[in-house]
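In: Pasting the sequence and the predicted coordinates here, then a few questions.
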Amino acid sequence: MSPIFLLPNEVLLLIFDINASHGFWSPLRTMSNCVMGPNDSEPLVITIRTSHVCQVWRQVSLNSPSLWRKLVNLNLLYDRPDLLNELILRTRNAPLWVKGTESVLYTTTSTRRLQNTLLVPFVQKHWGRMYNLRLSLNSTDLYQGMWTVISRHAPQLRNIEIDRSVLRGQAPQRWGSVKHLMGQQQLFADSAPFLRSFSCAPFPIHPAASWIPQLVDFHLDHYPFPVPHGILSALLRMSGLQELRFILKESTPQLEKILETPNIVAFNDLQDVVFDAEASVCQWFLTHLKASKRLQALRLLVQHATFEAIQAVLSQFTNMIVRSLAVSDLRLRFVRMMFSRRGIELYLTSNIVYSKEAAPNEVLFSIKTLSLAGKRPLDISSFALPPLPFVTHLSLDILTLIRSKRLPADLTGLMKSFITVTNISAPSYTISLLFQHGAALLPSLQVIKQTDKKHLSEDVITEFGLKRIACGYQPVQVLVEPLEN
């Protein structure tokens, strides 16, 4: 007999439960895939089959409502009401884990066709038992129907995720009627005592909602309502957050009042942050984000960033670090910033290195890589970063960044900001400019890596090396991509 048949029932149930839990948190399958039928790797299929292996396994499975409650995937059951009813019977009264995709699709003749009409009625019927809920919708009609459900009291809800559908179809572009309906009531009737994780971009959040302070995970992508509706004010009440994903692409016409709020909140439990918004909102957030003992990763994407905004955000990031904390207590190890403005993108990726020799009130960090890339010429003659003395790797595409009339002057001015750079990656055109005008710059430079396969003259490389030696610098290794043929 195989050893697996000798395992205690508790261990068997743990194995079955791991399979069910993993399947619930896996990405939602699209309806177009589900209509082809469930595959053999679906947790529901695996669980049904394991329940038929032997009498012991069947007894363990059927006597475990906590197992079956995690298998309610409505994408697989929308056309099998008999199987769905049997599944719900096996859950008994256990809180449910439900996932599904509902969408409005259009045929080749533009005829409106609704798939998976089971989802909203099912959630409405069993709303009081919802524990984990993951849905994906793509029509304002569907959002309006779902609002009638989630505007009710949620007695057991712990995690909720409702996002725009991954399906092709009609994305919600017009929110007039939906906004009017949602303006009459609050999410969960302002009662969700066990809610911990919230990701519902299409629905308005009241800043005074009772469940906001208890959140530990908050994900918001492409919020379709005006910022003064309360989202930033609500964010300030989430002092217990551990994970934050905040993407705000919409304009913020009345932002000043919120940005000037005097109440500074420290998110002391945050561990992982993704924050994507315009420069003023990012600066506002950094004033409230104080590096706690738990913060490990920060990804900041700044939209519509002027050079002044780049400087301000970087300076605010430096000030964000709480200097009263001992260096040994901080866990922040990764920072990635991206600044975008009219076709230009500036990336800074930082691996944080803390000096054990630093004074107790100082935190030293090292920015390892910086890259500039753009889609159109841009005059950066006045561009200057705040002091970044620990940058060691630099990636540049000067060809698309600087107007041709000022290339030498702009390149020289830009390079003065990076006296500690040891590695540069750039196309041949940029390297040629560096060879011509930058021999006396970048005293720490050790490696130049060419990112394209265009030919670089050996004479130019040699001349550059001689100029570097004449300046008292070490020779530079030039890594040239091999030419084809």
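Out: Now that the structure is in, tell me what you want to look at.
In: In contact with residue 479, which residues are there?
Out: Counting by C-beta atoms under 8 Å, 6 or more residues apart in numbering, residue 479 touches 447-450. Any C-beta I mention is one placed from the backbone N, CA and C, and that applies to glycine too.
In: Same list, the residues you listed, but as JSON lines with secondary structure, pLDDT and distance to residue 3 please.
Out: Output for these, formatted as JSON lines (DSSP: H, G, I helix; E, B strand; the rest coil; pLDDT from 0 to 100; distance: C-beta to C-beta, whole Å):
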{"residue": "447", "secondary structure": "strand", "pLDDT": "89", "distance to residue 3": "55"}
{"residue": "448", "secondary structure": "strand", "pLDDT": "89", "distance to residue 3": "59"}
{"residue": "449", "secondary structure": "strand", "pLDDT": "88", "distance to residue 3": "53"}
{"residue": "450", "secondary structure": "strand", "pLDDT": "88", "distance to residue 3": "57"}
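In: who's in contact with whichever strand or helix holds residue 464?
Out: Following DSSP states H and E, one finds residue 464 within helix 458-470. The contact list for helix 458-470, computed with C-beta under 8 Å, 6+ apart, reads 432, 434-435, 439-440, 445, 474-476, 478.
In: Most neighbours among the residues you listed, please name it.
Out: residue 445 (25 neighbours; other C-beta atoms under 10 Å).
In: how about it, secondary structure?
Out: Three-state assignment for residue 445 (DSSP: H, G, I helix; E, B strand; the rest coil): coil.
In: Looks like it contacts residue 420 (just checking).
Out: No - with contact defined as C-beta atoms under 8 Å, residue 445 does not reach residue 420; the gap is 9.7 Å.
In: Can you show me the strands along the stretch 1-150 of the chain?
Out: 72-73, 96-106, 112-115, 130-137 (DSSP state E, counting those that start in this stretch).
In: Out of those, which gets the lowest mean score?
Out: Here the lowest mean pLDDT among the strands of the stretch 1-150 of the chain goes to strand 112-115, at a mean of 51.
In: where does the stretch 201-350 of the chain have low pLDDT?
Out: Where the stretch 201-350 of the chain drops to pLDDT under 70, the residues are 201-202, 222-229, 249-265, 290-292, 318-330, 342-345, 348-350.
In: all helices of it, in order?
Out: Taking DSSP state H, counting those that start in this stretch as the criterion, the stretch 201-350 of the chain carries its helices at 231-235, 256-259, 279-288, 307-320.
In: Turn those helices into a markdown table, columns for distance to residue 130 and mean neighbour count.
Out: Output for those, formatted as a markdown table (distance: least, C-beta to C-beta, whole Å; neighbours: other C-beta atoms under 10 Å):
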| stretch | distance to residue 130 | mean neighbour count |
| --- | --- | --- |
| helix 231-235 | 22 | 21 |
| helix 256-259 | 32 | 13 |
| helix 279-288 | 31 | 20 |
| helix 307-320 | 37 | 17 |
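In: about what we covered before: let me know the next secondary structure element after the helix holding residue 464.
Out: As assigned by DSSP H and E, the chain's next helix or strand after helix 458-470 is strand 477-479.
In: average model confidence for that next one?
Out: 86.
In: try stretch 159-174
Out: Stretch 159-174 comes out at a mean pLDDT of 58.
In: out of the contacts of residue 479, which are buried?
Out: Buried positions within those, assessed by neighbour count (16 or more other C-beta atoms under 10 Å), are 448-450.
In: How much space separates residue 480 from residue 25?
Out: In this view, residue 480 and residue 25 are 46 Å apart by C-beta to C-beta, to the nearest Å.
In: Sounds good, over and out.
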